[in-house]
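*Asks:* Predicted structure and sequence below. I'll ask about it afterward.
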Amino acid sequence: MKDSVFIVLRDGSGMVQTLFPCNKETEEIIKSIPLESSVCVTGTVQKRPEDAVNPKMKTGEIEIKEIGRASCRERV
């Protein structure tokens, strides 16, 4: 079983990967979020482990460790 699942958040400054603990409820919530949705995530920015660094991303050396719950605002 996976330890975590992730989504990539994007704003005007770039993209960053956000990690969530892997459990059935979290996976279902993440899968239900439509592409290009507005989301709110509470977490901590942390340095990625050496083997997870992504040199292709401007923010490839960091990630957000989710400590709250992600929420999604439906498109209007």
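*Replies:* Cool, got the structure. Numbering: from 1, shown residues only.

*Asks:* nearest residue to the residue nearest the centre of the chain other than its sequence neighbours?
*Replies:* Residue closest to the average C-alpha location in the chain (Cα atoms, centre = their mean): residue 18, at 2.2 Å. If the residues on either side of it in the chain are set aside, residue 18 comes closest to residue 64, at 4.3 Å by Cβ to Cβ, 6 or more residues apart in numbering. C-beta: built from backbone N, CA, C; applies to glycine.

*Asks:* circling back: for the residue nearest to the centre of the chain, which residues make a bridge with it?
*Replies:* Judged by DSSP bridges, the bridge partners of residue 18 are residue 7, residue 64.

*Asks:* State the distance from it to residue 27.
*Replies:* With distances taken as Cβ to Cβ, to the nearest Å, residue 18 is found 14 Å from residue 27.

*Asks:* Kindly report the same for residue 12.
*Replies:* Distance, residue 12 to residue 27, using Cβ to Cβ: 29 Å.

*Asks:* and what of residue 38?
*Replies:* 20 Å.

*Asks:* one step back: surely the residue nearest to residue 18 is in contact with residue 43?
*Replies:* Yes - if you go by Cβ atoms under 8 Å, residue 64 and residue 43 touch, sitting 4.3 Å apart.

*Asks:* Quick check: neighbours shared by the two?
*Replies:* residue 18 (Cβ atoms under 8 Å, 6 or more residues apart in numbering).

*Asks:* So which of those two has more stuff around it?
*Replies:* Taking other Cβ atoms under 10 Å, residue 64 and residue 43 do not tie; residue 64 has more neighbours (20 against 15).

*Asks:* tell me the contacts of the more buried one?
*Replies:* 9, 16, 17, 18, 19, 41, 43, 44, 45, 46.

*Asks:* distance of residue 58 from residue 44?
*Replies:* For residue 58 relative to residue 44 (Cβ to Cβ), the value is 19 Å.

*Asks:* neighbour-wise, which of these two wins?
*Replies:* residue 58 (12 against 9).
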